[in-house]
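Trainee: From the sequence below, what's the structure:
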Amino acid sequence: MTDVLIVGAGPAGLSAAISCAERGLQVQVIDEFMRPGGRLLGQLYQEPDGSWWNGIEEAAKLQDKAASLGVELQLGISVIDLNHSDDGWMVYTSTGILKAPALLLATGAAETACPIPGWTLPGVMSIGAAQVMTNVHRVRVGMRGVIVGINVLSMAIAQELELAGIKIAAMVLPAKNMINHDAGDPRKVMQSIVRLGHLAPSPLLRLGSGLMRYTPLQSLGLHLYPKGGFKVWGIPVQLRKAAVEIEGIEKVESVRVANLSPDGNIVPGTSRSLPVDFVCMAGGLYPLAELAAVAGCPFRYIPELGGHIPLHNARMQTPLAGLFVAGNITGIESAKIAAAQGTVAGLSIAAFHQVSGTEEDLRESIQNLRITRAKASIQFHPQVAEGRQRLESMYSENFS
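Mentor: The predicted model follows:
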């Protein structure tokens, strides 16, 4: 039996492992992927100050630090079930049963489906899959493609694909249906992406995005939005066009797009086929929290954090004894914030094990997490801090 078992070797899990190991705890980390790093592995982008963030390098730093502290890392292992016993947590995996008094779930996030007719054709993939294939496996996903879905995630990855020499013909919305209702609404999408205006590559786009933050101007902006869209990094971002069908016989051959009204309705007689050889579907992210549900952890629905979230406090502690959470399982945010959460969780686990001198470090790490969140250049939701506060209040009201 180890002191701490961590499920997930992404930025949150590895940072927690380091924090625990630095305080003398025996730590075991498992992950179902063949490489540690999680979402870090696909990330490659330029910071607002001009420096570059290379996720593969950041993952390697975390892995090397964890290894130097004696953290045991096992990859290619899937968790099948888990439950609590008198000795702590029993985790049933594809290679056997693991036990630990403290368990951290740092399972990350998964992509939301964004279905339209033809989305099962070869050549259609999630935007995250395109990122991993390009940046991790160095595989060209195609020569010319379309991204269906305009959000924080797809905007960031679109630039990465362009940097890899992959032509993005356009970014469009999905046609509205029962599942794609919000993703196909130009007004709601505009409200989401104007938060990225400070990252725009030209002063004109930064000014326009700043003005569009004012709700009265958004309606006017949608009515005046050019049919060809605005180009960002050379990619046409088209809020007034939607993909209505992906076309092809044995693989992707084209995407049929149509003009949209400001309310997101298809304008009759405007559809045309855009020849491409791949399509990326970008429906956003949601917390991958099934294991927390299996454990019996209570949940709360917090839209600002991406959906149903395991109930936890600022110390990343759930109401279940010895169960902790960190990273995107607690809400959709950046890798830097996930790493800061992992540090908090690691210190919280050390406090759970009654390691002396931990409480002051824990308070400092919680404050550092809040500062990191406040300084984040990209936020997946504008009210994420408010969502965090509401969730912590729910915990205090029921389990203080």
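Trainee: what sits against the residue nearest to L163 when sequence neighbours are not counted?
Mentor: Once flanking residues are discounted, L163 sits nearest to L44: 7.1 Å by C-beta to C-beta, 6 or more residues apart in numbering. Using the backbone N, CA and C atoms, a C-beta is placed for each residue, glycine as well. Neighbouring residues of L44 by C-beta atoms under 8 Å, 6 or more residues apart in numbering: 52-56, 135, 160, 163.
Trainee: Could you check how far L44 is from S254?
Mentor: Noted for L44: a distance of 29 Å to S254, by C-beta to C-beta, to the nearest Å.
Trainee: same thing with L362?
Mentor: 55 Å.
Trainee: the more surrounded of these two?
Mentor: L362 (21 against 18; other C-beta atoms under 10 Å).
Trainee: Skipping its backbone neighbours, what lies nearest the more buried one in space?
Mentor: L362 sits nearest to L347 (C-beta to C-beta, 6+ apart), 4.2 Å away.
Trainee: count of neighbours near E47?
Mentor: 10.
Trainee: List the contacts of it.
Mentor: Contacts of E47 were listed using C-beta under 8 Å, 6+ apart, and they are 53, 377.
Trainee: give me that answer again for 7 Å
Mentor: By C-beta atoms under 7 Å, 6 or more residues apart in numbering, E47 lies in contact with W53.
Trainee: so what pLDDT did it get?
Mentor: For E47, the pLDDT comes out at 71.
Trainee: Next: V232.
Mentor: 80.
Trainee: same check, this time on L44
Mentor: 76.
Trainee: go on, the one 10 residues further on?
Mentor: Here the pLDDT value assigned to N54 is 84.
Trainee: how much space between it and A129?
Mentor: 20 Å.
Trainee: any chance you could map the helices in this protein?
Mentor: Per DSSP state H, the chain carries helices over the ranges 11-21, 55-68, 127-135, 152-163, 186-193, 203-211, 215-224, 290-295, 335-352, 358-375, 384-399.
Trainee: most tightly surrounded among these?
Mentor: Mean neighbour count, computed with mean count of other C-beta atoms under 10 Å, is highest for helix 11-21 among those, reaching a mean of 30.
Trainee: by contact count, what packs against that one?
Mentor: Other helices and strands packing on helix 11-21, by 3 or more C-beta pairs under 7 Å, 6 or more residues apart in numbering; DSSP states H and E, are strand 4-7, strand 27-31, helix 55-68, helix 335-352.
Trainee: what distance separates it from the centre of its chain?
Mentor: 19 Å (C-alpha atoms, centre = their mean, to the nearest Å).
Trainee: hmm, who's touching that helix?
Mentor: With C-beta under 7 Å, 6+ apart, helix 11-21 has contacts from 4, 6, 27, 29, 36, 38, 40, 62-63, 65-66, 69-71, 104, 106, 326-327, 335, 338-339, 341-343, 345-347, 349-350.
Trainee: Dump the helices and strands packed on helix 11-21 into a markdown table; add distance to K167 as well.
Mentor: Output for those, formatted as a markdown table (distance: least, C-beta to C-beta, whole Å):
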| stretch | distance to K167 |
| --- | --- |
| strand 4-7 | 39 |
| strand 27-31 | 34 |
| helix 55-68 | 23 |
| helix 335-352 | 27 |
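Trainee: between the ones you listed, which one is nearest to H84?
Mentor: strand 4-7 (12.5 Å; C-beta to C-beta).
Trainee: quick one: strands adjacent to the closest one?
Mentor: strand 27-31 (parallel), strand 102-105 (parallel) (DSSP bridges).
Trainee: Go through these and pick out the most buried.
Mentor: By mean count of other C-beta under 10 Å, these have strand 102-105 as the most buried, with a mean of 29.
Trainee: count of neighbours near N313?
Mentor: Close neighbours of N313, defined as other C-beta under 10 Å, add up to 18.
Trainee: scratch that, V139 is what I was asking about
Mentor: 11.
Trainee: before we move on, the earlier item: and P268, which of the helices of the chain is closest to it?
Mentor: helix 186-193 (17.2 Å).
Trainee: pLDDT of the closest one, averaged?
Mentor: 79.
Trainee: Same question for stretch 351-367.
Mentor: 95.
Trainee: Make residue 1 into 50 and carry on from there
Mentor: All set: I'll call the first residue 50, so the last point we hit is now stretch 400-416.
Trainee: got the CA positions of it in CSV?
Mentor: Output of stretch 400-416 as CSV, limited to C-alpha atoms (Å, rounded to 0.1, in the frame of the first residue of the first chain):
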residue,chain,number,x,y,z
ALA,A,400,-2.2,17.7,5.9
PHE,A,401,-4.5,14.7,5.7
HIS,A,402,-1.5,12.5,6.6
GLN,A,403,-0.7,14.9,9.4
VAL,A,404,2.7,16.0,8.0
SER,A,405,4.0,18.8,10.2
GLY,A,406,4.4,22.3,8.9
THR,A,407,1.9,21.8,6.0
GLU,A,408,-0.9,24.2,6.9
GLU,A,409,1.0,27.5,6.2
ASP,A,410,2.2,26.1,2.8
LEU,A,411,-1.3,25.1,2.0
ARG,A,412,-2.7,28.5,2.7
GLU,A,413,0.0,30.1,0.5
SER,A,414,-0.7,27.6,-2.3
ILE,A,415,-4.4,28.4,-2.3
GLN,A,416,-3.6,32.1,-2.5
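Trainee: can you redo the helices of the chain as a markdown table with distance to R364?
Mentor: As requested, the helices of the chain are arranged in a markdown table below (distance: least, C-beta to C-beta, whole Å):
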| stretch | distance to R364 |
| --- | --- |
| helix 60-70 | 12 |
| helix 104-117 | 21 |
| helix 176-184 | 30 |
| helix 201-212 | 28 |
| helix 235-242 | 31 |
| helix 252-260 | 37 |
| helix 264-273 | 37 |
| helix 339-344 | 16 |
| helix 384-401 | 4 |
| helix 407-424 | 7 |
| helix 433-448 | 10 |
